[in-house]
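Novice: Provide a 3D model corresponding to the input given below.
(one chain, ligands or ions: 3)
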Amino acid sequence: MLTAKEFDDVYTSQNQFDWSKVNDVLAIIKAVQTEGDAALDRYTKQFDGAETEVRAVPEAELKAAHDALPVDLKAALTQAKKNIEAYQRKIKWPQPEAEGLYPVLHPIRSAGIYVPGGKASYPSTVLMTALPARVAGVEELTVVTPPPVNPATLAACYMCGIDRVYTVGGAQAIAALAYGTESIARVDKIVGPGNQYVALAKKLVYGDVGIDSIAGPSELAVVVDASSNAEWAALDLLAQAEHDEMARTFLLSTDRAKLEEVSRLAAQFAEEAPRSAIIKESLKNNHYTILAEDRAEIIRLLNDIAPEHLAVQTEDAETYAADVRNAGALFIGGFSPEALGDYSAGPSHVLPTNGNARFQSGLSVNDFLTANAVIRVAETDYSRLADAALPIARSEELHAHAASIEARFGKRRDSE
Ligand SMILES: NC(=O)c1ccc[n+]([C@@H]2O[C@H](COP(=O)([O-])OP(=O)(O)OC[C@H]3O[C@@H](n4cnc5c(N)ncnc54)[C@H](O)[C@@H]3O)[C@@H](O)[C@H]2O)c1
Ligand SMILES: N[C@H](CO)Cc1c[nH]c[nH+]1
Ligand SMILES: [Zn+2]
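Specialist: Numbering: from 1, shown residues only. Ligands and ions are numbered 1, 2, ... in the order given. Below you'll find the model as predicted:
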């Protein structure tokens with residue numbers, strides 16, 4: 001258990017993006033650029049142990065996976081799909097009136113979706129990425145995901161009408177979406193979460209292609225007080241720790257006894273959990289229990305951590321939403337476990353990690369829209385804007401700028 005000061009000392013140095021693999025990832029990207037599909041096949045064999053030739057999964061295979069879904073899973077995916085679509089429709093930017101100065105909104109044409117598949121499989125990520133894109137009106141969606149692929153992931157692709165699905169993952173899949181290969185067409189924007197290799201590749205290709213954000217190893221901060229259910233809090237911590245040894249969890253309170261109770265239960269559940277090895281490693285290296293002085297100190301710590309997920313399970317939980325500026329998604333109250341956000345609540349579970357919530361929101365329909373400013377100046381408004389522009393153009397000594405503005409005064413006088 002750490003005080004806030006002790007946490008500040010240890011955490012700041014660790015809360016940095018891991019660039020140590022950058023040369024490996026750059027080499028992968030370059031190989032895909034020069035060798036295309038052959039490089040994809042080689043890396044799939046090397047990193048995923050699969051002897052496959054990259055190919056689009058036939059539509060009939062997607063449909064067969066969908067038809068074979070167990071009834072309860074099909075119903076859950078269908079309901080989750082409805083909830084996600086409803087939320088994305090609600091938050092979609094409205095098109096402002098086409099008057100004078102306004103943005104004109106367009107969906108981007110094509111998007112590539114990375115669906116992780118290394119340590120777990122993620123049919124839910126198909127829904128959480130493809131549906132916001134579909135609500136925006138993106139024409140073409142390509143999914144990449146490493147082998148072996150969970151049939152439920154293929155079924156989810158079928159439900160979302162994905163145009164092409166390729167069983168390739170990691171940095172090589174990101175490079176293929178960014179630059180294209182013989183089999184995979186390049187896209188306008190790449191979205192979706194992934195491990196350090198995927199995150200590094202997205203950073204490196206950005207600018208040649210759009211990206212949504214860096215959605216890396218999962219994170220959860222849980223705030224508890226004497227009133228909190230310690231078992232629920234402990235299980236919520238495990239639910240994120242089981243994603244990855246690199247998943248980060250934080251437990252905060254002003255109540256020492258409750259922190260001890262939650263920590264004891266988390267350690268006990270970790271022993272019994274099916275994914276015990278991953279969870280124990282994550283809790284050992286990437287978990288922080290913090291005893292704060294007061295609520296203000298908890299708020300300050302949360303804004304510094306800027307966690308992907310924040311679960312507040314205290315009596316005054318409602319008050320946190322206004323005071324915490326930096327969190328990818330907030331889960332308020334005991335009946336809002338983070339896992340519901342992962343699957344069925346509605347907002348996308350693709351959220352910024354590693355402190356990126358300071359400047360980045362979770363994936364949404366609006367990530368698939370561009371807003372192009374339209375400037376249409378009425379002649380009667382010209383002088384007002386020209387007078388506010390000319391002295392600035394002259395001070396920048398950009399004479400052609402000034403002349404282009406002055407020329408309109410001449411034209412107007414001539415036409416009067
Ligand atoms: N932030 C979010 O929104 C969000 C959502 C879901 C999942 N996640 C996170 O996504 C991550 C998924 O990671 P994952 O590993 O399970 O799947 P992944 O698909 O991201 O990574 C697997 C791929 O990594 C590549 N790889 C593995 N070892 C490599 C090596 N030594 N060199 C080069 N490439 C290598 C392989 O190509 C493999 O296909 C987890 O950390 C999870 O917590 C985040
Ligand atoms: N918690 C993950 C985001 O960090 C999303 C997810 C998908 N499936 C289960 N969980
Ligand atoms: Zn999760």
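
Novice: which stretches of the stretch 51-200 of the chain form helices?
Specialist: Under the criterion DSSP state H, counting those that start in this stretch, the stretch 51-200 of the chain contains helices at 59-67, 71-91, 123-136, 151-159, 170-179, 196-205.

Novice: closest to ligand 2 out of the ones you listed?
Specialist: helix 123-136 (4.6 Å; C-beta to the nearest ligand atom). For glycine as for every other residue, the C-beta is placed from the backbone atoms N, C-alpha and C.

Novice: now that closest one against helix 71-91, angle please.
Specialist: 40 degrees (axes from the mean of the first three to the mean of the last three C-alpha atoms, to 10 degrees).

Novice: got a list of contacts for the host helix or strand of Leu265?
Specialist: Assessed by DSSP states H and E, Leu265 sits inside helix 256-272. For helix 256-272, contacts defined as C-beta atoms under 8 Å, 6 or more residues apart in numbering pick out 1, 222, 224-226, 228, 230-231, 233-235, 237-238, 241, 251, 253, 276, 279-280, 283, 289, 291.

Novice: Any regions of the stretch 151-300 of the chain where pLDDT drops low?
Specialist: Nowhere does the stretch 151-300 of the chain drop to pLDDT under 70.

Novice: quick one on the thing from earlier: mind putting the helices of the stretch 51-200 of the chain into JSON lines with distance to ligand 1?
Specialist: Output for the helices of the stretch 51-200 of the chain, formatted as JSON lines (distance: least, C-beta to the nearest ligand atom, whole Å):
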{"stretch": "helix 59-67", "distance to ligand 1": "19"}
{"stretch": "helix 71-91", "distance to ligand 1": "14"}
{"stretch": "helix 123-136", "distance to ligand 1": "6"}
{"stretch": "helix 151-159", "distance to ligand 1": "11"}
{"stretch": "helix 170-179", "distance to ligand 1": "2"}
{"stretch": "helix 196-205", "distance to ligand 1": "4"}
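
Novice: Same list as before, those helices that is, but in TSV and with mean neighbour count included.
Specialist: Output for those, formatted as TSV (neighbours: other C-beta atoms under 10 Å):
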stretch	mean neighbour count
helix 59-67	15
helix 71-91	15
helix 123-136	26
helix 151-159	24
helix 170-179	28
helix 196-205	23
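
Novice: could I get those as TSV with distance to Ile299?
Specialist: Shown next, in TSV, are these (distance: least, C-beta to C-beta, whole Å):
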stretch	distance to Ile299
helix 59-67	45
helix 71-91	25
helix 123-136	28
helix 151-159	37
helix 170-179	36
helix 196-205	28
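
Novice: And these: which comes nearest Pro103?
Specialist: helix 123-136 (14.5 Å; C-beta to C-beta).

Novice: Taking the stretch 1-150 of the chain, what residue is nearest to ligand 1?
Specialist: Gly118 (2.7 Å).
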